[in-house]
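Next comes the sequence, and after it the predicted model I'd like to discuss.
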Amino acid sequence: MSTDPAQRHPRDSAGGATVVDIQGLRKSFGTVEVLTDITTTVRTGEVVCIIGPSGSGKSTLLRCVNLLEHPTGGTILVDGLDITDPDCDIDRVRSRMGMVFQQFNLFAHLSVLDNCTVAQQVVLKRSKKEAEKVALVNLDKVGLVDRGDAFPAQLSGGQQQRVAIARALSMDPELMLFDEPTSALDPELVGEVLSVMRRLASEGMTMMVVTHEMAFAREVADRVIFMDGGVIVEEGSPDRVIGNPQHRRTRTFLKRVLDPTNVDPDDDDDDDVSEVEQHASAAAQKPARTSAEKPAQAAATADHDHGHGS
Ligand SMILES: Nc1ncnc2c1ncn2[C@@H]1O[C@H](COP(=O)(O)OP(=O)(O)O)[C@@H](O)[C@H]1O
Ligand SMILES: [Mg+2]
């Protein structure tokens, strides 16, 4: 398998078709705006990693893309279809996307194979036989083709998450959304899930991945988006955003994630409104702000500080 982005995504250089087109996206919960003017696009075959502190709006962004949350402003086009249009067929939109969450959400009472066939039969109206055939192809892809009869409780967390990926793939999605897929795993199980994701990327799957795995993002992402306080602070190639970040908030965040035991408390003195990254060690954590004041502060700071695309 090649990890050379040019080889992985040959369509990129030619400019793949836009799969997701997000323009001026806003999302409020009550009076609190947690996404402010998010504008970005994802092209066919692209792997976009979204990084940023806890509470910065990463999950909300992904959840807006598959309409688990309804945007309060802006538009999201998926394959040119405006999913923010009230007349949009939500089920049709969702059937094009696979979503993998931090918690695997497998049906405990169903076997691995049945977990991977239920939605195919119900949503895609596939026969049981057809659905099982597809499921086995995808279980093979995640290295679990021989565990079809097992129940989730008999599997490790890493195996369960791989089943969740196989289940999503069995719906033939054209876009995969991952929300911190390795955050709930014991450290020794993270690698097996990342390697499945790496392989998916190498096969040209279009992916939006919220992750704290910086080595993975650096290696696999075509583009990295750094979010803080509900805005995109910067985005670009992994080498630029992770290797040579332009904004102080990005640098502060990366320092916390990459070296949590060596965080300078003065990093918070100036423009930085980030929550201390949850993955940082407890020792490095400061008292959290309330969720109500945080996004408003962050958005206000973002306005006069680092605008998106600056
Ligand atoms: N359903 C909800 N109701 C109210 N506030 C929410 C809801 N979901 C998320 N939030 C708030 O929106 C902000 C962004 O949350 P989230 O998107 O989960 O951030 P992240 O994934 O980056 O940690 C947080 O302040 C969070 O408390
Ligand atoms: Mg989240």
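Nice, I can see it. Ligands and ions are numbered 1, 2, ... in the order given.

isn't there a helix covering Gln102?
No - using DSSP: H, G, I helix; E, B strand; the rest coil, the assignment for Gln102 is coil, not a helix.

wait, it sits on Phe178?
No - with contact defined as CB atoms under 8 Å, Gln102 does not count as touching Phe178 (9.3 Å). The way it works is simple: take the backbone N, C-alpha and C, and place the C-beta from them, glycine included.

more crowded one of these two?
Phe178 (27 against 16; other CB atoms under 10 Å).

State the number of residues packed around the closest residue to that one other than its chain neighbours.
Among residues not flanking Phe178 along the chain, Val209 sits closest, at 4.4 Å (CB to CB, 6 or more residues apart in numbering). Neighbour count of Val209, defined by other CB under 10 Å: 28.

For Val209, what are phi and psi?
phi -130, psi 110 (degrees, to the nearest 10).

Just grab the bridge partners of it for me.
In this entry, Val209 is beta-bridged to Cys49, Phe178, by DSSP bridges.

What ranges does the stretch 1-150 of the chain have for its helices?
For the stretch 1-150 of the chain, applying DSSP state H, counting those that start in this stretch gives helices covering 5-8, 10-14, 58-65, 90-95, 112-123, 128-141.

Tell me which of those helices lies nearest to ligand 1.
helix 58-65 (3.2 Å; CB to the nearest ligand atom).

Extract the C-alpha trace of the closest one and format it as CSV.
Backbone C-alpha positions of helix 58-65 (Å, rounded to 0.1, in the frame of the first residue of the first chain) are rendered in CSV as follows:
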residue,chain,number,x,y,z
LYS,A,58,-15.7,19.3,15.2
SER,A,59,-18.5,16.8,16.0
THR,A,60,-21.2,19.3,15.3
LEU,A,61,-19.7,20.0,11.9
LEU,A,62,-19.7,16.3,11.0
ARG,A,63,-23.2,15.9,12.4
CYS,A,64,-24.4,18.8,10.2
VAL,A,65,-22.9,17.1,7.1
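
can you give me how far the longest helix seen in the chain is from the chain middle?
Secondary structure of the chain read by DSSP state H shows that its longest helix is helix 187-202. In this view, helix 187-202 has its centroid 14 Å away from the chain centroid, taken as CA atoms, centre = their mean, to the nearest Å.

What residue in this protein is the furthest from its centre?
Lys129 (31.7 Å; CA atoms, centre = their mean).

And that residue, how close does it get to Pro260?
Distance of Lys129 to Pro260, computed by CB to CB, to the nearest Å: 50 Å.

Deepest in the core, which of the helices of the stretch 1-150 of the chain is it.
Sort those by mean neighbour count, taking mean count of other CB atoms under 10 Å, and helix 58-65 sits at the top with a mean of 23.

other SSEs contacting that one?
Contacts defined by 3 or more CB pairs under 8 Å, 6 or more residues apart in numbering; DSSP states H and E place helix 58-65 against strand 18-29, strand 32-43, strand 47-51, strand 73-78, strand 175-179, strand 206-210.

Looking at those strands, which is nearest to Val233?
Proximity to Val233 (CB to CB) singles out strand 47-51 among the helices and strands packed on helix 58-65, at 10.2 Å.

which secondary structure elements does that closest one contact?
For strand 47-51, the packing partners by 3+ CB pairs under 8 Å, 6+ apart are helix 58-65, strand 206-210, helix 214-220, strand 223-228.

Format the helices of the stretch 1-150 of the chain as TSV; extra columns: distance to ligand 1 and mean pLDDT.
TSV is the format used below for the helices of the stretch 1-150 of the chain (distance: least, CB to the nearest ligand atom, whole Å; pLDDT from 0 to 100):
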stretch	distance to ligand 1	mean pLDDT
helix 5-8	25	44
helix 10-14	27	42
helix 58-65	3	97
helix 90-95	18	84
helix 112-123	24	96
helix 128-141	27	98
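
In JSON lines, list the ones you listed along with distance to Arg251.
Formatted as JSON lines, the helices of the stretch 1-150 of the chain follow (distance: least, CB to CB, whole Å):
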{"stretch": "helix 5-8", "distance to Arg251": "24"}
{"stretch": "helix 10-14", "distance to Arg251": "27"}
{"stretch": "helix 58-65", "distance to Arg251": "18"}
{"stretch": "helix 90-95", "distance to Arg251": "37"}
{"stretch": "helix 112-123", "distance to Arg251": "42"}
{"stretch": "helix 128-141", "distance to Arg251": "37"}
